[in-house]
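J.: coordinates for the following, if possible.
(one chain, ligands or ions: 2)
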Amino acid sequence: MSADEFEELSHDEVRNTMLPPTPEEEAGLADLYGRMEREHMIPLWTQIGDLMPNQPSPQAVPHVWRWTSILPVAEQAGELVPVGRGGERRAIALANPGLGGRPYITPTLWAAIQYLGGREIAPEHRHSQNAFRFVVEGEGVWTVVNGDPVAMRRGDLLLTPGWNFHGHHNETDRPMAWIDGLDIPFVHYTDTGFFEFGIDRVTDEATPDISRSERLWGHPGLRPLSALQPTVNSPIGAYRWEHTDRALAQQLLLEDEGVPATIEPGHAAVRYVNPTTGGDIMPTIRAQFHRFRAGTQTRTVREVGSTVYQVFAGRGEFVLDGERIVVETGDLVVVPSWTACRIGAETDFDLFAFGDQPIIERLHFDRRFIEEENV
Ligand code: GTQ
Ligand code: FE2
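T.: Ligands and ions are numbered 1, 2, ... in the order given. The predicted model follows:
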């Protein structure tokens with residue numbers, strides 16, 4: 001595909017070449033539009049440019065949330081707002097400024113900072129919405145997923161797929177904060193969500209280092225013969241940092257040895273997958289991790305679907321539709337659909353990423369466009 005294909009005439013440009021209506025036609029049209037309004041009908045021809053643009057024209061905008069700004073807000077909420085039944089979670093959504101005040105980071109995705117004070121418990125519940133947690137700093141909370149306590153530590157990705165009971169308990173005297181990602185907006189638009197309370201605490205306050213799901217599934221390339229059927233969601237409750245870190249480090253070492261292992265020079269990347277299918281961890285959410293060597297720059301890419309990045313370590317920049325944003329550890333950046341995105345690493349740079357691409361791909365709406373030159 002060439003860049004020219006995105007420079008076709010808009011609907012308005014084409015319509016503006018038509019003859020204007022006569023005064024009689026004008027009066028007739030006013031009557032017609034009045035009837036339509038009373039009958040709750042809307043013509044396509046006044047809406048088509050908005051409904052069917054030549055290319056995606058997202059309401060969501062590129063935006064950055066600074067860790068140094070959002071963490072203190074979560075801490076203040078920790079002092080003022082109790083966590084418990086009813087409100088369920090001390091989670092504070094990152095609201096995309098283009099989405100009209102809804103608590104959505106993109107049209108399909110929810111991202112929030114969640115805060116649990118020392119010894120606090122977030123009670124069990126379950127819902128249709130798929131969820132994950134990602135930890136940039138701290139430890140001491142266990143998330144109990146269907147009765148399986150899963151330790152949360154720095155760099156870990158923890159899964160809570162739809163309809164699994166889950167609650168969180170902090171076993172230390174120190175607070176902990178992390179990032180939640182869910183498909184709340186998608187489930188809301190499609191009216192597909194169910195919700196149920198569980199018991200008023202968590203089913204198991206044990207604090208094992210390793211969860212039952214990892215004991216069964218966390219061995220590279222080895223699948224239990226007791227579980228040969230593919231499952232919709234990944235059975236792995238925790239993707240541990242030591243594995244992610246090692247996988248990325250080895251890609252870069254292999255590149256040094258001349259073995260093709262990275263996706264572009266100096267850019268190592270992995271996708272978190274469901275080991276029963278090789279596909280994404282959950283049906284609506286993709287999660288990946290990128291590691292860049294200092295000085296590396298990606299090409300400029302546009303992609304259908306929206307992505308949220310959280311800086312895990314280092315310092316770098318996003319250039320989004322030509323605007324440069326410098327980011328550091330903990331900062332979150334949202335890249336809406338079809339936004340031109342280039343990433344540059346000032347230092348060695350680690351990025352966690354999640355997006356809605358599994359929905360897009362399942363529906364065959366996926367498209368990607370790589371600009372030929374860095375500008
Ligand atoms: O931790 O169960 O950010 O149910 C939003 C909804 C977290 C959770 C959120 C949730 C949770
Ligand atoms: Fe939940």
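J.: for the residue nearest to Gly98 when sequence neighbours are not counted, give me its contacts.
T.: Distances taken as CB to CB, 6 or more residues apart in numbering place Val61 nearest to Gly98, at 3.9 Å, with adjacent residues excluded. (Glycine included, C-beta is placed from N, CA and C.) By CB atoms under 8 Å, 6 or more residues apart in numbering, the residues touching Val61 are 96-98, 336.
J.: list only those of the residues you listed flagged as buried.
T.: Those of the contacts of Val61 that meet the buried threshold are 96, 98, 336, by 16 or more other CB atoms under 10 Å.
J.: nearest to ligand 1, of those?
T.: Asn96 (15.4 Å; CB to the nearest ligand atom).
J.: wait, is the closest one part of a strand?
T.: No. Assignment of Asn96 by DSSP: H, G, I helix; E, B strand; the rest coil gives coil, placing it outside any strand.
J.: can you check what pLDDT the model gives it?
T.: Among the per-residue scores, Asn96 holds a pLDDT of 99.
J.: could you find the closest non-adjacent residue to it?
T.: Distances taken as CB to CB, 6+ apart place Ala60 nearest to Asn96, at 4.6 Å, with adjacent residues excluded.
J.: and the one you found, what element?
T.: Here Ala60, judged by DSSP states H and E, is contained in no helix and no strand.
J.: pLDDT wise, what is it at?
T.: Per the predicted model, pLDDT is 98 at Ala60.
J.: surely it and Pro336 touch.
T.: Yes. Under the criterion of CB atoms under 8 Å, Ala60 makes contact with Pro336 at 4.0 Å.
J.: name the residues contacting each of these two.
T.: Residues touching both Ala60 and Pro336 by CB under 8 Å, 6+ apart: 96, 98, 106, 306.
J.: export these as JSON lines, with columns for distance to Val83.
T.: Listed next are these as JSON lines, based on distance: CB to CB, whole Å:
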{"residue": "Asn96", "distance to Val83": "25"}
{"residue": "Gly98", "distance to Val83": "30"}
{"residue": "Thr106", "distance to Val83": "26"}
{"residue": "Ser306", "distance to Val83": "29"}
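J.: let me see the contact set for Asp200.
T.: Contacts were defined as CB under 8 Å, 6+ apart; by that measure Asp200 touches 85, 123-124.
J.: that's a strand at it, yeah?
T.: No. Under three-state DSSP, Asp200 sits outside any strand and is assigned coil.
J.: distance check, it against Ile121.
T.: Separation of Asp200 from Ile121 (CB to CB, to the nearest Å) stands at 9 Å.
J.: quick one: end-to-end length of stretch 129-148, please.
T.: In stretch 129-148, first residue to last residue: 19 Å (CA to CA, to the nearest Å).
J.: next, the buried residues of it.
T.: Neighbour-count burial for stretch 129-148 [16+ other CB under 10 Å]: 129-136, 138-146, 148.
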